[in-house]
Each structure stands twice: as structure tokens, then as C-alpha cells.
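**Student:** sequence plus the predicted model coming up.
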Amino acid sequence: MTSPASRNCFSSGGIGSPMRLDDYSGRITSTPSTIKNKVNRSHLSAFTPVQPVLTPKETPQGSRSHVLLSPSRTLTESLNALASSTAQQLEEIWDLVGYTPQERASQLSELLLKFRDQCEQTIAEEEGVVETFRHTISDAKTELRNLGTSLKIAVDPKLLRDNPTSTLTDELTTLEATLEDLRVEAAAARNDLVECKDYILESHRALGRECDQKWNDTETDLTAERRMAFHTKVDELKEEISTRTSAVVQLVRDCQHLMNDLGIDGQQSSSELDRKIAGSLVRSKDSSFIIASKLESETCTGIQGKALDALTNRASELSAEKGRRKKLLQNMGAEIAVLWEQLRVPEDEQKAFTVSVKGLGMDTIQKGEAELLRLKNMKSRMLGELISEARETIVELWVETNATDAIKADFKAFDIEDEDLYNDELLDEHEDYISVLQSRLEKMKPLIRLIERREDILRQRMEYEELQKDSDRLKQRGAAMAKQLMEEEKMARRIKKELPKLTSLLQEKLEEWKQDHGEDFQYNGDLYNDVMVRQEDEWMEYKATEMQLKLQKKQQEQVLEENKLLGKTGVSKTKSLQSKPLGNANRLNNARSSSRARSHRGDLEKPTQNRVRNPRSRLTS
């Protein structure tokens with residue numbers, strides 16, 4: 001077999017087609033042919049070109065072809081011819097020039113020296129080719145060993161041992177053929193791992209965490225199990241990224257809504273976090289909100305753990321501030337509403353102010369504070385008038401709540417007449433006392449309604465009694481008669497069933513009132529428990545009197561009938577039973593009681609503007 005050196009000297013085409021290797025951990029980047037071409041530099045160009053010597057040879061098939069001779073024979077024959085031709089030409093030139101023998105000897109010595117140097121240089125270069133081959137083979141074996149380890153593939157040990165029986169070119173070609181498939185498989189696995197690694201590293205940066213160094217290794221283990229571990233980690237991170245992103249988006253939206261409610265312009269805010277919140281969300285293709293960037297920037301919070309904590313704290317701060325402002329505005333609004341009512345501010349002014357304030361921004365608070373200050377100043381100017389009106393209301397409530405003189409005397413502020421002593425505290429004292437009286441009246445109203453129902457039934461009871469005395473009512477015919485009888489039946493049923501129930505219920509309620517308030521309940525200035533007892537006594541007396549009247553009338557009718565039978569024309573004088581004065585008084589008292597109930601009910605329904613304006617005159621009456 002021809003040696004690499006001889007092939008390099010006489011063949012410029014190299015061996016086979018060129019094959020490049022990928023650049024990976026010291027792998028080779030040249031094929032055997034390119035290795036030889038790098039050192040294939042002819043230094044004989046100064047001389048007459050020497051063509052390879054070819055000798056005709058008969059092939060086994062009988063065809064003739066040219067076979068390259070051995071290097072030693074080729075050099076011998078070529079150099080002899082070259083030396084002879086060169087010597088002849090130099091002799092002619094030197095004879096023409098007239099060189100002396102010494103000069104000719106010097107020229108020949110220099111020519112031989114150059115030739116020797118060229119030969120030595122060529123030998124050194126060819127030895128370099130051998131060394132390059134050996135280094136390349138060593139690198140290929142190292143690569144083969146590493147790929148086998150990374151892919152967990154058993155490599156043929158023969159390929160890793162030195163093979164003295166094979167040329168370096170053949171050995172390298174065999175290694176390259178074996179490496180080719182392994183490199184394709186390793187490259188696919190490596191690309192997959194690198195893609196997963198990039199996502200893992202990017203995700204850890206986005207989450208603000210340090211990444212374990214094992215996820216940076218994409219060379220030592222290229223097996224399917226390793227790739228599966230990378231993909232599992234990627235899936236875990238995708239789920240965590242999705243959960244974290246959703247949480248951040250929700251917190252950012254909450255903060256944006258709260259900032260909008262509070263009138264905070266995030267883009268113009270002096271807070272760096274507020275500016276990031278303002279620019280963190282963008283619209284996706286389906287119009288939903290998504291995070292502008294998973295990494296923190298000047299205009300985006302990102303999704304790191306510290307961003308999540310900062311957003312949580314900011315949302316809590318904004319929510320607390322919203323609650324504080326809402327409570328402040330509610331209290332301020334309630335105070336303004338009370339002052340509007342006290343000062344009788346026109347409705348158009350109230351409406352104009354209400355329309356002018358919106359949201360929970362500082363401008364709303366400032367407007368509220370300005371309105372409150374204006375109303376307080378107005379109140380200071382109208383203080384005397386407001387206290388007078390409050391006292392009129394107190395007098396009316398005293399009447400409606402049946403207040404005793406002792407209760408009235410307890411309110412000492414009512415006796416202050418010096419206007420120099422009028423102040424906000426005095427007005428507040430009057431208004432607080434009005435609230436107490438109104439609360440008392442509200443508690444009294446259920447009892448008053450029960451009393452009015454009972455008084456109405458008592459009135460119907462007297463009407464029913466009067467109807468029973470009128471015999472002419474039975475002279476009606478048809479529908480009028482039926483209607484009359486139904487009305488009477490309804491009245492009788494109500495008197496019989498509802499009146500006892502109401503009386504019993506009132507007795508319980510009046511007793512509860514006494515236990516809760518430490519006093520008996522009064523109605524129209526009378527203790528209603530005593531009123532019910534008196535009404536029952538009067539009713540019993542009235543019924544007894546009516547029975548006596550009926551008995552007397554029946555006796556008179558019997559006397560008349562007896563006289564007719566005896567033929568007497570005159571009516572004998574018998575002692576008549578007359579109603580007791582108390583009975584007449586009973587009917588009068590019942591009528592008065594009903595009248596008082598109706599009068600009191602009408603007083604409760606009177607509007608405030610019709611009430612007495614002079615508290616002192618009302619107290620006197």
C-alpha cells in the first residue's frame with residue numbers, strides 16, 4: 001500500500017471525498033485529505049517541473065494502465081534526469097558568462113545545499129502529517145468514548161486500541177464512519193436538552209430563583225432518561241409559571257382597580273412600584289389581560305417571588321386606604337347631610353354638590369372638607385335660630401310622649417336663655433335629647449297603635465248597642481237589609497273576640513313597659529292601665545242600667561196589657577226605674593274617651609310645619 005507521504009508528493013486530489021466533523025469538545029475539524037493538503041507545498045517550483053513517472057503495466061483483464069512507481073525509484077530516475085539537464089544548461093551558461101572553476105564550484109555547492117534543505121523540509125512536513133493524523137485519530141477515539149458514555153452505548157474496544165496493521169488514513173476513516181451516526185443521535189439529544197435547559201434557566205430567572213447546576217449539564221448524559229427528566233422539569237416549571245403568572249395578573253388588576261378608585265395615576269406616580277403596576281398588563285388576541293413580561297423591567301413587575309410579595313403588600317395597602325377613605329367620606333357625608341337638614345340647604349345645591357364628587361380620590365375628600373367647613377360656618381351664624389327650632393321640636397315630642405314635669409325638668413339645657421351661651425355643644429345637646437325623645441316615641445308607637453285599635457272597638461261597641469235599640473233598622477228590605485245584618489254581625493264578632501285579646505295583650509305590654517322603663521305608660525295624660533279598669537267598670541254599670549231599663553219597660557207593657565183586659569182606660573202610675581246618674585256619666589265618659597283617641601291620632605298625623613313655634617307658650621298650655 002502506498003504511504004501517505006508518497007501520495008501527498010504526487011497526488012493533489014487526496015483520498016476519497018472530504019468529510020468535516022462537528023466542533024464538539026476537541027473533536028477534529030479536518031478529513032485525512034485536508035490534513036495532507038495543509039502540508040503539501042512543493043518547493044521544486046524553482047526547478048524544472050518533474051512529472052510523476054508512469055510505467056505501462058498489464059492488468060489481469062488484459063487492459064493497459066499506468067502504475068505509479070515507488071518513491072525511491074521515481075526520485076532516482078527523475079533526479080538523474082533533472083541533474084543531467086541542469087548541469088548541461090549551467091555549463092552552457094557558465095561558459096558564456098566565463099565563470100572560473102572556483103565560481104562554478106561555489107554555484108554547485110549552493111545548489112546542492114538548497115536541494116538538501118528542500119528535501120529535509122519536505123520530510124519534516126510529511127512527518128507533521130503523520131503527527132496530525134495521530135492527534136486526529138486520538139481526538140476521534142476520545143470523542144467516540146465520550147459519545148458512548150453520554151449515550152450509554154457500548155463502543156467496540158477494537159476501535160479504541162491502536163491498530164499497527166492499518167494505515168492512519170484507514171483507521172481515521174473507520175472512526176469517522178462509526179462517529180457519523182453517533183454524532184447525529186448525540187446532536188438531536190443535545191439540541192433537545194439545550195432547548196429544555198434554556199427554558200429552565202429562563203424560568204428560574206423569571207421566578208427569581210437560583211437554578212440547580214445539574215440542569216446546566218447537557219453533555220455528559222444524553223440518554224432518553226435524562227431527556228425525560230428535563231422535560232418533566234419543564235412541565236413542572238410551566239405549571240408553576242402559569243400559576244404564578246395568574247396570581248400576579250390578578251394582583252396587578254386588583255391594584256389597578258384600587259388605584260383607579262383612589263384616583264392614583266400610576267404612570268405619573270412617584271412610586272416605582274405604581275409605575276410598574278400601570279404598565280404590567282397588555283391585551284392578548286382574545287382581549288384578555290396578560291403579563292407584559294415575565295422578567296422585571298422599568299415598566300413591568302415581572303413574576304418573581306419578590307414581585308408577588310410587593311404586589312400583595314401594595315394591594316393590602318391600597319385596600320386599607322380605600323377603606324379609610326370610604327369611612328372618612330361616609331362620616332363626612334353623614335355630617336354634611338345632618339347640616340343640610342339643619343340649615344335647610346336647598347335641594348338643588350345638595351344635588352349639585354353630590355354630582356360634583358365622584359370616587360375616593362383626594363379631590364373628593366378636599367371637596368367634602370370644603371363643603372363641611374362652609375356648612376359649619378353657616379351653622380355658626382344660624383346657631384340661635386337652630387336652637388329655637390330644636391326646642392320647639394322638643395316641646396312637641398314631650399306632648400307626644402306624654403312627658404311628665406319631672407322628665408321635662410331633667411333637661412336643664414332647655415332653661416338657657418342667654419344667647420351669648422349658645423354654642424355647638426348646646427345645639428348638639430338639644431339634638432341628642434331630641435333623638436332620645438324620638439327613640440322613646442318609636443318605642444311607644446306599637447303600644448299606641450294597640451290602644452287606638454282597642455279604643456276603636458270600644459267605639460264600635462257603643463254604636464252596636466245603639467243599633468240594637470233601633471227597631472226601624474229591621475224594616476229595610478232586600479240587599480240593604482242583608483248588608484245591615486252583615487255589618488252588625490261583623491261588629492259583634494270583633495267586639496266579642498278581638499276586644500278581650502287586645503285588652504289582655506295590652507295588659508302584658510304595659511307591664512313590660514313598666515319593668516323596662518320604671519314607669520307606667522300614659523296615654524293622653526292618663527295611666528292607661530287605670531283607663532282600662534275604669535272603662536270596664538263603666539261598661540258593667542252601663543249594662544246593668546240597660547237591664548233595669550228593659551225590665552222597667554217590660555213591666556209597663558204588662559201593666560198596659562192588664563188594664564186593657566180590665567177595661568181601664570188610664571194608665572196606673574207605677575214607680576219607674578230610672579238610669580243611675582253614673583250610667584249616663586258612663587256613656588259620656590266613653591264618648592269622651594273615643595273623642596280623645598281620635599283627637600290624639602290626629603295630632604300624631606299633623607305635619608311638623610303646623611306645630612307650635614313658641615316652646616314656652618306650648619309648655620304653658
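**Tutor:** Done, it's in.
**Student:** bridged to the residue nearest to Asp520 when sequence neighbours are not counted, which residues?
**Tutor:** Closest residue to Asp520 in three dimensions, ignoring its sequence neighbours and counting by C-beta to C-beta, 6 or more residues apart in numbering: Leu527, at 4.6 Å. Backbone N, C-alpha and C define where each C-beta goes, glycine included. Leu527 forms beta bridges with Gln522, as assigned by DSSP bridges.
**Student:** what about Leu527, how many neighbours?
**Tutor:** Counted by other C-beta atoms under 10 Å, the residues lying close to Leu527 total 16.
**Student:** so it makes contact with Trp513?
**Tutor:** No: counting by C-beta atoms under 8 Å, Leu527 stays clear of Trp513, with 11.0 Å between them.
**Student:** how near is Asp95 to Gln89?
**Tutor:** Separation of Asp95 from Gln89 (C-beta to C-beta, to the nearest Å): 11 Å.
**Student:** and for Ala229?
**Tutor:** Noted for Ala229: a distance of 77 Å to Gln89, by C-beta to C-beta.
**Student:** of the two, which one has the most company?
**Tutor:** Taking other C-beta under 10 Å, Ala229 and Gln89 do not tie; Ala229 has more neighbours (16 against 11).
**Student:** quick one: contacts for the more buried one?
**Tutor:** Contacts for Ala229 (C-beta atoms under 8 Å, 6 or more residues apart in numbering) come out as none.
**Student:** any idea which helix or strand carries it?
**Tutor:** Here Ala229 is covered by helix 224-261, with elements defined by DSSP states H and E.
**Student:** quick one: mean pLDDT over that helix.
**Tutor:** For helix 224-261, mean pLDDT is 93.
**Student:** after that helix, next one along is what?
**Tutor:** helix 272-279.
**Student:** packing partners of the helix or strand following that next one?
**Tutor:** Next in sequence after helix 272-279, counting helices and strands by DSSP H and E, comes strand 281-283. Packed against strand 281-283, as judged by 3 or more C-beta pairs under 8 Å, 6 or more residues apart in numbering; DSSP states H and E, are the following elements: helix 224-261, strand 289-291.
**Student:** buried ones in the last one?
**Tutor:** Of the residues in strand 289-291, those scored as buried under the neighbour-count criterion (16 or more other C-beta atoms under 10 Å) are Ile291.
**Student:** could you do stretch 236-243 as well?
**Tutor:** Neighbour-count burial for stretch 236-243 [16+ other C-beta under 10 Å]: Leu237, Ile241.
**Student:** any residues touching that stretch, and which ones?
**Tutor:** With C-beta under 8 Å, 6+ apart as the contact definition, stretch 236-243 has outside contacts at Tyr199, Ile200, Ser203, His204, Ala206, Leu207, Lys294, Ile303.
**Student:** weed out the non-buried ones from the residues you listed.
**Tutor:** Buried subset of those (neighbour count, 16+ other C-beta under 10 Å): Tyr199, Ile200, Ser203, Ala206, Leu207, Lys294, Ile303.
**Student:** mind putting those residues into TSV with distance to Glu369?
**Tutor:** Output for these, formatted as TSV (distance: C-beta to C-beta, whole Å):
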residue	distance to Glu369
Tyr199	55
Ile200	56
Ser203	51
Ala206	46
Leu207	46
Lys294	44
Ile303	41
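**Student:** hey, C-alpha coordinates of stretch 353-373 in CSV?
**Tutor:** C-alpha atoms of stretch 353-373 as CSV (Å, rounded to 0.1, in the frame of the first residue of the first chain):
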residue,chain,number,x,y,z
PHE,A,353,-72.6,69.0,45.3
THR,A,354,-73.4,65.3,45.0
VAL,A,355,-72.9,65.3,41.3
SER,A,356,-69.6,67.1,41.6
VAL,A,357,-68.0,64.4,43.8
LYS,A,358,-67.1,61.0,42.4
GLY,A,359,-64.8,58.2,43.6
LEU,A,360,-62.5,58.1,46.5
GLY,A,361,-59.8,60.4,45.2
MET,A,362,-58.2,63.2,47.2
ASP,A,363,-60.1,65.7,45.2
THR,A,364,-63.4,64.2,46.6
ILE,A,365,-62.1,64.4,50.1
GLN,A,366,-61.0,68.0,49.6
LYS,A,367,-64.4,69.0,48.2
GLY,A,368,-66.1,67.3,51.2
GLU,A,369,-63.9,69.1,53.6
ALA,A,370,-64.6,72.4,51.9
GLU,A,371,-68.4,71.8,52.0
LEU,A,372,-68.2,70.8,55.6
LEU,A,373,-66.3,73.9,56.5
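**Student:** and Tyr99, that one's in a strand?
**Tutor:** No: secondary structure of Tyr99 (DSSP: H, G, I helix; E, B strand; the rest coil): coil, not part of a strand.
**Student:** ok, it touching Gln107?
**Tutor:** Yes: Tyr99 sits in contact with Gln107 when judged by C-beta under 8 Å, with a separation of 7.2 Å.
**Student:** now the common contact residues for these two.
**Tutor:** With C-beta under 8 Å, 6+ apart, Tyr99 and Gln107 have no common neighbours.
**Student:** rewinding a little: now do the helix holding Ala229 against helix 272-279, angle only.
**Tutor:** If you take axes from the mean of the first three to the mean of the last three C-alpha atoms, to 10 degrees, helix 224-261 sits at 100 degrees to helix 272-279.
**Student:** pull up the overlap in contacts between Leu527 and Trp513.
**Tutor:** Shared contacts of Leu527 and Trp513, counting by C-beta under 8 Å, 6+ apart, come down to Asp520, Phe521.
**Student:** coming back round to it: tabulate the contacts of stretch 236-243 (TSV), appending secondary structure and distance to Lys445.
**Tutor:** Shown next, in TSV, are the contacts of stretch 236-243 (DSSP: H, G, I helix; E, B strand; the rest coil; distance: C-beta to C-beta, whole Å):
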residue	secondary structure	distance to Lys445
Tyr199	helix	75
Ile200	helix	76
Ser203	helix	70
His204	helix	72
Ala206	helix	68
Leu207	helix	66
Lys294	coil	66
Ile303	coil	62
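**Student:** for the stretch 51-200 of the chain, what spans make up the strands?
**Tutor:** With DSSP state E, counting those that start in this stretch as the criterion, the stretch 51-200 of the chain has strands at 54-58, 64-68.
**Student:** ranking those strands by mean pLDDT, which is last?
**Tutor:** Across the strands of the stretch 51-200 of the chain, strand 54-58 gives the lowest mean pLDDT, at a mean of 43.
**Student:** of all the helices and strands packed on strand 281-283, which lies closest to Leu318?
**Tutor:** Closest to Leu318 of those, according to C-beta to C-beta: helix 224-261, at 3.7 Å.
**Student:** do you have the helices of the stretch 451-600 of the chain handy? List them.
**Tutor:** Using DSSP state H, counting those that start in this stretch, the helices of the stretch 451-600 of the chain run over 479-517, 528-566, 581-605.
**Student:** out of the ones you listed, which gets nearest to Glu219?
**Tutor:** helix 479-517 (90.0 Å).
**Student:** what mean pLDDT does the closest one get?
**Tutor:** 84.
**Student:** any idea of the angle that helix forms with helix 528-566?
**Tutor:** Using the same axes, to 10 degrees: helix 479-517 against helix 528-566 is 150 degrees.
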